[in-house]
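# starting from these lines, generate the structure:
(4 chains, ligands or ions: 4)
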Amino acid sequence: MTTSTSLDAAAPADLSAPPDPEVQLELFRTATRIARFDEKYRSLMTSGAIGGMYYSPRGQEFAAASVAAHLRRDDYVVTTYRGLHDQIAKGVPLRPLWAEYLGKAAGTCGGKGGPMHVTAPEYGLMVTTGVVGAGLPIANGLALSAQLRGTDQVTVVNFGDGASNIGAFHEALNLASIWRLPVVFVCQNNRYAEYTPLREGTSVDRIANRAAAYSMPGLTVDGNDPIELYNAAGAAIRRARTGGGPTLLEAMTFRFCGHIMGDQQVYIPQEELRAAVAADPLVRFRAQLAAVFTETELAAVERAAADEVADAWEFARTAELPAESELTTDVYAGTAQDGARK
Amino acid sequence: MTTSTSLDAAAPADLSAPPDPEVQLELFRTATRIARFDEKYRSLMTSGAIGGMYYSPRGQEFAAASVAAHLRRDDYVVTTYRGLHDQIAKGVPLRPLWAEYLGKAAGTCGGKGGPMHVTAPEYGLMVTTGVVGAGLPIANGLALSAQLRGTDQVTVVNFGDGASNIGAFHEALNLASIWRLPVVFVCQNNRYAEYTPLREGTSVDRIANRAAAYSMPGLTVDGNDPIELYNAAGAAIRRARTGGGPTLLEAMTFRFCGHIMGDQQVYIPQEELRAAVAADPLVRFRAQLAAVFTETELAAVERAAADEVADAWEFARTAELPAESELTTDVYAGTAQDGARK
Amino acid sequence: MTTAGTATQETARTLGMVQAINEALDVALGTDPAVFALGEDIQEPGGGGFGVHKGLGVKHGAHRVRMTPISEQAIMGAAIGAAISGLRPVAEIMLMNFVHVCMDQLVNHAAKLRYMSGGRTPVPLTVRTATGAGGGFGAQHSDMLEAQLVHAAGLKVVVPSNPADAKGLLLSCIFDDDPCVFVEMTGLYFAARGPVPAGDHRIPLGQATIARAGDDVTVVTYGRQVADCLAVAEQLADEGVGVEVIDLRTLAPLDTTTLLGSVARTRRAVVVHEAVRRNGFGAELSATIHAELFGQLAAPVVRVTAPDTPVPYAKSLEEAYIPSRSRIAAAIRSTL
Amino acid sequence: MTTAGTATQETARTLGMVQAINEALDVALGTDPAVFALGEDIQEPGGGGFGVHKGLGVKHGAHRVRMTPISEQAIMGAAIGAAISGLRPVAEIMLMNFVHVCMDQLVNHAAKLRYMSGGRTPVPLTVRTATGAGGGFGAQHSDMLEAQLVHAAGLKVVVPSNPADAKGLLLSCIFDDDPCVFVEMTGLYFAARGPVPAGDHRIPLGQATIARAGDDVTVVTYGRQVADCLAVAEQLADEGVGVEVIDLRTLAPLDTTTLLGSVARTRRAVVVHEAVRRNGFGAELSATIHAELFGQLAAPVVRVTAPDTPVPYAKSLEEAYIPSRSRIAAAIRSTL
Ligand SMILES: Cc1ncc(C[n+]2csc(CCOP(=O)(O)OP(=O)(O)O)c2C)c(N)n1
Ligand SMILES: Cc1ncc(C[n+]2csc(CCOP(=O)(O)OP(=O)(O)O)c2C)c(N)n1
Ligand SMILES: [Mg+2]
Ligand SMILES: [Mg+2]
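Ligands and ions are numbered 1, 2, ... in the order given. Next comes the predicted model:
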């Protein structure tokens, strides 16, 4: 399904060439860790053990995993409220991540941010925003910072299809192009913005086609094909890292669980939903990998993921809520309660 | 210089076909009235008789005249701080217009708005904004209103090349496309945004090319060629009026007097400036018209314009400033001092 | 789904906040063809951020209950353009924090066009928006920003506290000739229930109401905090303290007559709101009360507000953030 | 064009506001490679909206004095991203009304990231912006919006009144670890001249200054209004009235010690600002003074502000809009 607009270097010759088996296994491992975390989180919500809002990334695991696989720890990622997969793929450990989702003091942000605002700068997870599209201009700033400091760090910013209609998207792509910033704009096109299908809110068939308005390469790939996306993202990230400037990468994918926990998805045609779930990329990729790895090897990855997730949940569940004295700290510099924590 | 993107109906077969002589004379008359107003205004500023800020449209007269020639009085126009030409072309009488520029009670807005905020709804001049790009979303609302009320009114919104980089532009074009609104987006591309040349702030060569990102026809024409722009605008406006939806029309033009009164234009290469001024569209078009009209006829138009401008200045000069009691009226409904005025 | 808009019934049914607002929209859409609604996902199945439009798209048509892309500037601009050309748009900005995404349209344009045009370009639009802490939505989905809007000359700002007022005030906003911002506190959506008059029930803008009479101290509040203040008032009544609770309903323009009349009587005032303290609306209230009733007060006006922090996510902190009944009670006692 | 940034001279030269701010930027750019400036037209020949960057692009290079497209969201976002990854951006938003174009970036992101991250993501950026009535710029180019920003927890807000303070405060903002909004009043750009220390001159944030001592009444103000208040104070001195003028300089965080210390002494306060009255910063000041010094004041705090209207264009109205010396004098007299 690859489509490239005004393209060039960002599109490698053959997007289907599989990388090293170890890389493939790593993609599988990351996606599995995401899926297991998500499944457990949802089942705990369903049972009432966890409350709150939750935007499941189930189905979109590879949109995160296949891109982040190219990133170094000191590269930057910006994501959104539907950010669990991006947070895990960038390397944020599951324990403090889960603790943050529960608003515990041991969370990445001391429980003050929550799922929609996770940052973990030591892992390059720089911003999670709850405001649609707002991450794109900030990603430019991260990329500019690398450029000004003379490093070869790359910034990846993830956002949805609906976000491509907001002003911040336009301003960010224009500026990134003019300044030739080392940034990759990854649109995780899951075909819906809340309950609105793509075509009802978006005046273009392929969001990657909008790249031409900024003289930027734009590429639409199957975001559920781990290899195709891995190759495309690799090209875009290499391009950014070597001074070639920004790319708009559109990864076609699907939200298996709707917009938000509790969404019944009645607005999605039954066949569309059934077909998407039947083509679960994680299941498909596992089947593919069975040609290269033994069942034992794959099962070991899965068991390790399940164990890690169970451990993270246990850690988060038993962690403390922040003390009330934390309410007024961290508004300004020098107001942290616990100097050691920073 | 016509370039059309993903085009169709908006581009008539032959953009150079001259309209009726009377129409041509009307274009000349409108442009002449604009130019005389502008010249007198600037000379009064230079002499110190008038103070304040002034954004001259000199050189861009036809970008306004050739578009507005297709509009009915009940059609809508939205413009910017550099709006004198659009205001005159839409039919706002010169007396209250000049009075508004001087902040007099007899101005279109009682002196409270000033040049950057002229509205004259009875002539369809709905909004003049001082915020770059902010007029585009509002133009959509005017067009939507016509659509909902079932009229065939068309909305034209004028803006600069620099404005095409702001978020409001993006959101407006996307929405207009989705809703198939009867609106024409006219980018008066005068090659500079303040002191910044087009290519330094804008990541695309032709702004009309951005139309493709909204599945909208986009057309770049010579905005200094009154006939070409007249034909192109006519097609776009007809398209809007008959339910064909929005168009992005880019009229290439030039600001003869720089960004703002006092601008020395040192940042513009001398040849570029000289060539542009040498190609003064008003002078060129007059020469063209000499083949159709007598010198007497053309001179009469010019004399009438000069007289009208002199009369407007005299009217505005001698008009009263608003009474201090006007300071707190018109904030909310029912607070007007002078009921009769409304 | 509602009977309103067809015939005015004198009976008042018990409704929740969402239903009451839905009914106001239904009545307005049914009454005046100039009215239309626009916003993200306002058709089925969402009915907007909190389901306020449920059923209205089907009943009044997709052209009058219009889905928009995620484009707050485009939404607000479309509302402005429609308003200045004769319509009465009701725009939903899903959450109040997103008002900041289109602040220029709202504050530089909607609020100013009437004035800038010398009265020739009125902007009869309504912006509905939801917000409030307590739902675990975190710092970007919970802010009470009414004070920033009150500071924008030309806007009217309304914050209802119960379903009947919500219906009556929203209808007044829609048919008002000025731009109104109607703030719906999420905490009330599913908590507050109450009798709601059917039909075209309107409550004038700019009029506060005395939610509870009392002689000893005046508590000035609005929105979700009204219920908390009433509960505290009941509790203090047992101790023999007569607490008068004023529900402002409209913040701009402010009903200083009711406000100052009450405090002149009680000589004590406590101001309660959920927004942060620094330059919150409580500052305006406190400044006005102190200055207008100088020398007549028995105690300084106390402000009970959120602390000057973003809204925290952690439950323990979010609870501490929101003015609690015990903080309100303590503030009242401190004035006695 | 300046000598600053090379050696600290102890001599203070007489400079205008634009030069003083230019010098602060020059020193910061010369001192720390993490500092850079960005904004529309900030290179030659514009040097930004009011020429504040003149010469800096040539001296420090186009990569550190960066021209942007007309994209306020992109400007603010770029500043935030750079700030959270170790740089110290100084963004120019040409006029304060355009802050509303990027209000989401500033208030939902810059102001909150430190808190939302539990202190892990500081945002050491500075936003410089110009505004103020009196220039005939009309309703969309003149608003004083400091009160809206003071209401955003996490921001620091600074409004200098003279060249030396402008330089010293701007340098402190740039090297502060929190997001600072630095408001330059256009009326001061070409009017205010004064001695300005050379070199890396800094004035701590959060400290008000007593611009003139007096025992009878305290006038609390900032920005352009300081000069007017000082002039009125001189005039009233002839009548035997001792007016103390406090120049707040930083509005958030507020120096309540200086403020309350002075009013505790004089027992009378007048608050003066150019922003509209309703929920202006004067409300916060008045509420604070009244509550903290309850029973100690000899007169109510008087607020001298613009009326609750957009800024009018007509000269006659714009003059009436801005707090005049006679209104300030009358307010002071009313407290005596
Ligand atoms: C500026 C803004 N407007 C509205 C919302 C409410 N909202 C949250 S998610 C969402 C849909 C976003 O869709 P998309 O960009 O496709 O991302 P997805 O949720 O599909 O990952 C909306 C409208 C928001 N968070 N921010
Ligand atoms: C949102 C916003 N940002 C900045 C400005 C300051 N400004 C006024 S005119 C202008 C240049 C606009 O250029 P362009 O759109 O090409 O229009 P032109 O002036 O050439 O007609 C700028 C930056 C503004 N008015 N609004
Ligand atoms: Mg989506
Ligand atoms: Mg231009």
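# so what's the residue count around the residue nearest to residue C:302 when sequence neighbours are not counted?
Among residues not flanking residue C:302 along the chain, residue C:331 sits closest, at 4.3 Å (C-beta to C-beta, 6 or more residues apart in numbering or on different chains). Where you see a C-beta, it was placed from the backbone N, CA and C, and this is true even at glycine. Each residue near residue C:331 was counted by other C-beta atoms under 10 Å in any protein chain shown, and the total is 20.
# quick check: residue C:128 touching residue C:53?
No. The criterion here is C-beta atoms under 8 Å, and residue C:128 misses it with residue C:53 at 9.8 Å.
# between the two, which has more neighbouring residues?
Taking other C-beta under 10 Å, residue C:128 and residue C:53 do not tie; residue C:53 has more neighbours (31 against 27).
# just to be sure, that one is in a helix?
No. Assessed with DSSP: H, G, I helix; E, B strand; the rest coil, residue C:53 is coil; it does not lie in a helix.
# re the thing from before, shared neighbours of residue C:128 and residue C:53, which are they?
Shared contacts of residue C:128 and residue C:53 (C-beta atoms under 8 Å, 6 or more residues apart in numbering or on different chains): C:39, C:92.
# what about the residue lying closest to residue A:39 once chain neighbours are set aside, is that helix, strand or coil?
Excluding the flanking residues, the one nearest residue A:39 by C-beta to C-beta, 6+ apart is residue A:58, at 7.3 Å. Following three-state DSSP, we place residue A:58 in the coil state.
# where exactly do the helices run in chain C?
C:17-31, C:56-60, C:72-84, C:103, C:113-116, C:146-150, C:163-174, C:186-189, C:225-238, C:256-266, C:281-292, C:315-321, C:325-334 (DSSP state H).
# residues in contact with residue C:99?
Residue C:99 neighbours (C-beta under 8 Å, 6+ apart): C:72, C:93, C:106, C:127, C:129, C:145, C:149, C:181.
# now those in TSV, with neighbour count and distance to residue C:269?
Formatted as TSV, the contacts of residue C:99 follow (neighbours: other C-beta atoms under 10 Å in any protein chain shown; distance: C-beta to C-beta, whole Å):
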residue	neighbour count	distance to residue C:269
C:72	31	37
C:93	25	32
C:106	30	31
C:127	28	30
C:129	21	28
C:145	25	23
C:149	26	23
C:181	29	25
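# can you tell me which two in these are farthest apart?
C:72 and C:149 (14.8 Å; C-beta to C-beta).
# next, the contact list for residue 54, please.
No chain specified, so I'll use chain A. The contact partners of residue A:54, taken as C-beta under 8 Å, 6+ apart, are A:41, A:42, A:45, A:115, A:260, A:261.
# think we crossed wires, I meant chain C
C:1, C:18, C:22, C:44, C:47.
# before we move on, the earlier item: which of the contacts of residue A:54 come close to chain C?
residue A:115 (C-beta under 8 Å from any C-beta of the partner chain).
# buried subset of the contacts of residue A:54, written for PyMOL?
A single PyMOL command selects the buried members of the contacts of residue A:54 (16 or more other C-beta atoms under 10 Å in any protein chain shown):
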select buried, chain A and resi 41+42+45+115+261
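# now the strands for the stretch 51-200 of chain A?
Applying DSSP state E, counting those that start in this stretch to the stretch 51-200 of chain A gives strands spanning A:76-80, A:125-129, A:155-160, A:183-189, A:192-193, A:196-197.
# closest to residue D:160 out of the ones you listed?
Using C-beta to C-beta, the strands of the stretch 51-200 of chain A put strand A:125-129 closest to residue D:160, at 31.3 Å.
# so who does residue A:273 touch?
Shown in contact with residue A:273 (C-beta under 8 Å, 6+ apart): residue A:265.
# burial count for residue A:137?
Other residues near residue A:137 come to 34 when the count uses other C-beta under 10 Å.
# and the nearest residue to it once chain neighbours are set aside, how far from residue C:213?
Using C-beta to C-beta, 6+ apart and skipping residues adjacent in sequence, the residue nearest residue A:137 is residue D:77, 2.1 Å away. From residue D:77 over to residue C:213 the distance is 51 Å, taken as C-beta to C-beta, to the nearest Å.
# same deal with residue C:187?
From residue C:187 to residue C:213 the distance is 25 Å (C-beta to C-beta).
# when the two are compared, which one has more neighbours?
residue C:187 (23 against 12).
# measure the residue of chain A found nearest ligand 1 to residue B:309 for me?
As assessed by C-beta to the nearest ligand atom, ligand 1 sits closest to residue A:160 within chain A, at 2.1 Å. Computed as C-beta to C-beta, the residue A:160 to residue B:309 distance reads 54 Å.
# chain neighbours aside, what residue packs nearest to the residue of the stretch 151-300 of chain C found nearest ligand 1?
Residue of the stretch 151-300 of chain C nearest ligand 1, by C-beta to the nearest ligand atom: residue C:186 (13.3 Å). Spatial nearest neighbour of residue C:186, excluding adjacent residues (C-beta to C-beta, 6+ apart): residue C:132 at 4.6 Å.
# around chain D, pick out the residues from the stretch 1-150 of chain C.
So far as C-beta under 8 Å from any C-beta goes, the stretch 1-150 of chain C lies against chain D at C:97-98, C:100-101, C:103-104, C:107-108, C:111-112, C:115-116, C:138-140, C:145, C:147-148, C:150.
# you'd agree residue A:32 is up against residue A:302?
Yes. Between residue A:32 and residue A:302 a contact is recorded at 5.6 Å, counting by C-beta under 8 Å.
# burial check on the residue of chain A closest to ligand 1, number of neighbours?
25.
# distance of the residue positioned nearest the centre of chain C from chain B?
Geometric centre of chain C, nearest residue: residue C:159, 1.3 Å, by C-alpha atoms, centre = their mean. Shown here: residue C:159 relative to chain B, a distance of 18 Å by C-beta to the nearest C-beta, to the nearest Å.
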